[in-house]
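**Student:** Based on what follows, work out the 3D shape:
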Amino acid sequence: MADHVIAIDQGTTSTRAIVFDRTGTPVAIGQREHEQIMPQAGWVEHDALEIWRNVQEVIGIALGRADLTRHDIAAIGITNQRETTVVWNRRTGQPVCRAIVWQDTRTQAIVDRLAADGGIDRFAGVVGLPLATYFSGTKLAWILENVDGARDAAEAGDLLFGTTDCWVLWNLTGGVDGGVHVTDVTNASRTLFMDLRTLEWRDDILEVFGVPRSMLPEIRSSSEVYGFAESSSLLRETPIAGILGDQQAATFGQAAFHAGESKNTYGTGCFLICNTGREIVHSGNGLLTTVGYQLGSGPVHYALEGSIAVTGSLVQWLRDQLGIIDSAAEIEPLATSVPDSGGVHIVPAFSGLFAPYWRPDARGAIVGLTRYANRAHLARAVLEAVAFQTRDVLDAVNADIAASGGVPLSELRVDGGMVGNETLMQFQADVLGVPVVRPEVAETTALGAAYAAGLAVGFWDGLEALTANWREGRRWEPRLDVSERERRLRVWRKAVEKSMDWIDDDVRE
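**Tutor:** Residues are numbered from 1 along each chain as shown. Alright, predicted model coming up:
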């Protein structure tokens, strides 16, 4: 009897396969990092073929560690880094170039060109998103305009486009031998091409971007059987039955199924999602309108999202580019070796500022330096930057909630790789002024994909069963005096202002 579900979590820095039991408890994990390729300033790339090799490897690792075979797995779920763009030849299976990562800013000229007629919100009323380098639509347009032969091959019907969920699914279901070219509504809602109301690609927007519709995957729900693992896979004949973009998957894994429920994920970036139910809410405060999830033929649930580009990757920068720490785990003891940041603030606008500012002209800044500052103060400033950016986004969420007559969030559910950092979580509660709550099972991104797949095949009976699985693991209450909190926030916002207006005619990357 199949008593487990496996989730493939294709993230920004690594790919993981996690096996879950019926209680939503992780049984075994396989993980492999992939190379972060930065050929020039503003460019961030991945090798899609390396990612696919890693997918196959981590499946084997997870099954081996769990001492299970395909016969023990009821379904496969997929979750992924959402906007990272892959274009490949449907006949050879070879990508036409490296995948362009969601953090990449090379498409700013395309954004400016499109925004010249109607501004950055030109399509926002339809797709819920501003024109920005963040989304996969501008990245696809760049590939067609700049990769030799791509335009002709696309017009001939030889090229396929997808985010990494689509790439993994296509390969897992056979690739050139009948691979399924499908994405789900959550990933489609991050392209700039999908109508939020009809859940269909908009031909008029595709025409503006110069994208042939034949390249695009079919849009399906987040929970249904899309196909089966092909014969050479360790999971052969197992149904692939769930797809959710990583942040929507984490929200689903946190059991935030209903309007007003929310979570914040601390990964490569930070992403706060607030479920708005069946209502499409357009933000007046710099948030994105996106699809939260859709189960089979059921109703679509929407969400507001605040996206922060650089949080966990700021720790990687401290490790890899500056050499201040040798491993990510070292940042907390280093940061706690000093009582505060010594007046230092780091604004990590490496890809511009995302929500709630949306300032592509911003770049990273370190302010408040004196000769007193040392490496420990920089480490603490890194952690504090994560918390301050989250506060900016939560303020925008609460403003939108108040505008619609709702009640501000009274606590923040958190997940992701950084929530094991006790110092960060306490400071987060301090600057928010509300409790921060971590679930017992912190692997909520993979868990959400597993839940979507399990629901589709009847492994779980319904959302009530999933809600019953959620258990509080740790809670942090705010300790900071209100006046001190407000002082620190004022200083932080002064630092943010210093990062703006950097990229202009005199300063180019």
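
**Student:** give the contact list for Trp167.
**Tutor:** Counting by Cβ atoms under 8 Å, 6 or more residues apart in numbering, Trp167 touches 48, 51-52, 86, 88, 99. Yep, even glycine has a C-beta here, placed from its N, CA and C like the rest.

**Student:** Distance of it relative to Val437?
**Tutor:** For Trp167, the distance to Val437 equals 34 Å [Cβ to Cβ, to the nearest Å].

**Student:** Over to Val315. Which of the three states is it?
**Tutor:** Of the three states, Val315 takes helix under DSSP: H, G, I helix; E, B strand; the rest coil.

**Student:** Can you get me a residue count around it?
**Tutor:** 27 (other Cβ atoms under 10 Å).

**Student:** tell me which residues of the helix of greatest length in the chain are tucked away?
**Tutor:** For the chain, the helix with the greatest residue count under DSSP state H is helix 375-403. For helix 375-403, a neighbour-count test (16 or more other Cβ atoms under 10 Å) marks 375-401 as buried.

**Student:** same question, stretch 46-62
**Tutor:** 46, 48-52, 54-56, 58-59, 61-62.

**Student:** if we can go back for a sec, quick check: what element follows the longest helix of the chain along the chain?
**Tutor:** Downstream of helix 375-403, the next assigned helix or strand under DSSP states H and E is strand 412-415.

**Student:** How far does that next one sit from its chain's centre?
**Tutor:** Computed by Cα atoms, centre = their mean, to the nearest Å, the chain-centroid distance of strand 412-415 equals 15 Å.

**Student:** I'd like to know which elements the helix or strand Arg53 falls within is packed against.
**Tutor:** Using DSSP H and E, Arg53 maps to helix 48-66. Counting by 3 or more Cβ pairs under 8 Å, 6 or more residues apart in numbering; DSSP states H and E, the packing neighbours recorded for helix 48-66 are strand 4-10, strand 14-20, strand 26-33, helix 164-172.

**Student:** what inclination does the last one have with respect to helix 48-66?
**Tutor:** In terms of direction (axes from the mean of the first three to the mean of the last three Cα atoms, to 10 degrees), helix 164-172 departs from helix 48-66 by 70 degrees.

**Student:** Who are the packing partners of the helix or strand following helix 164-172?
**Tutor:** Sequence-wise, the next helix or strand downstream of helix 164-172 (DSSP H and E) is strand 182-184. Counting contacts by 3+ Cβ pairs under 8 Å, 6+ apart, strand 182-184 is packed against helix 164-172, strand 218-220, strand 239-245.

**Student:** residues in contact with Ile308?
**Tutor:** 269-271, 354-355, 389-390, 393.

**Student:** Show me the beta-bridge partners of it.
**Tutor:** Cys270 (DSSP bridges).

**Student:** Quick check: the gap between it and Arg391.
**Tutor:** Ile308 sits 11 Å away from Arg391, going by Cβ to Cβ.

**Student:** Any chance of TSV for the helices and strands packed on strand 182-184, columns mean pLDDT and distance to Ser313?
**Tutor:** Shown next, in TSV, are the helices and strands packed on strand 182-184 (pLDDT from 0 to 100; distance: least, Cβ to Cβ, whole Å):
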stretch	mean pLDDT	distance to Ser313
helix 164-172	97	17
strand 218-220	98	30
strand 239-245	97	18
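
**Student:** Tell me which of these sits most buried.
**Tutor:** Mean neighbour count (mean count of other Cβ atoms under 10 Å) peaks for strand 239-245 among these, with a mean of 29.

**Student:** which SSE is the residue of the chain most remote from its centre in?
**Tutor:** Residue farthest from the centre of the chain, counting by Cα atoms, centre = their mean, is Arg371 at 37.5 Å. Counting by DSSP H and E, there is no helix or strand that carries Arg371.

**Student:** Begin at 201 from now on, thanks
**Tutor:** Will do, 201 is the new start, and the previous item becomes Arg571.

**Student:** Which pLDDT value goes with it?
**Tutor:** In this model, Arg571 is scored at 95, pLDDT.

**Student:** burial count for Val301?
**Tutor:** Applying other Cβ under 10 Å, we find 22 residues neighbouring Val301.

**Student:** wait, Asp272
**Tutor:** So Asp272, with other Cβ under 10 Å, has 18 neighbours.

**Student:** got any ranges where the stretch 201-350 of the chain has weak pLDDT?
**Tutor:** Applying pLDDT under 70 to the stretch 201-350 of the chain flags no residue at all.

**Student:** can the helices and strands packed on helix 248-266 go into CSV with extra columns for distance to Gly512?
**Tutor:** Output for the helices and strands packed on helix 248-266, formatted as CSV (distance: least, Cβ to Cβ, whole Å):
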stretch, distance to Gly512
strand 204-210, 14
strand 214-220, 11
strand 226-233, 13
helix 364-372, 18
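
**Student:** what's the closest of these to Pro295?
**Tutor:** Nearest of these to Pro295, taken as Cβ to Cβ: helix 364-372 at 8.4 Å.

**Student:** hey, C-alpha coordinates of that closest one in PDB?
**Tutor:** These are the backbone C-alpha positions of helix 364-372, laid out as PDB (Å, rounded to 0.1, in the frame of the first residue of the first chain):
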ATOM      1  CA  THR A 364      11.200  25.200 -13.700                       C
ATOM      2  CA  ASP A 365       8.100  23.300 -12.700                       C
ATOM      3  CA  CYS A 366       7.300  22.900 -16.400                       C
ATOM      4  CA  TRP A 367      10.900  21.800 -17.200                       C
ATOM      5  CA  VAL A 368      10.900  19.200 -14.500                       C
ATOM      6  CA  LEU A 369       7.400  17.900 -15.400                       C
ATOM      7  CA  TRP A 370       8.300  17.700 -19.100                       C
ATOM      8  CA  ASN A 371      11.400  15.700 -18.500                       C
ATOM      9  CA  LEU A 372       9.900  13.500 -15.800                       C
END
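
**Student:** and Asp701, what does it touch?
**Tutor:** Asp701 neighbours (Cβ under 8 Å, 6+ apart): 561-562.

**Student:** helix/strand/coil for it?
**Tutor:** coil.

**Student:** ok, back up a step: for the contacts of Ile508, which one is nearest Ala450?
**Tutor:** Using Cβ to Cβ, the shortest approach to Ala450 within the contacts of Ile508 belongs to Phe471, at 7.7 Å.

**Student:** Show me which pair in the contacts of Ile508 is furthest apart.
**Tutor:** Maximum distance among those (Cβ to Cβ): 12.0 Å, for Phe554 and Thr590.

**Student:** Among the contacts of Trp367, which one sits closest to Gly617?
**Tutor:** Using Cβ to Cβ, the contacts of Trp367 come closest to Gly617 at Ile251, 18.3 Å.

**Student:** wait, isn't that closest one in contact with Pro295?
**Tutor:** No: counting by Cβ atoms under 8 Å, Ile251 stays clear of Pro295, with 10.0 Å between them.
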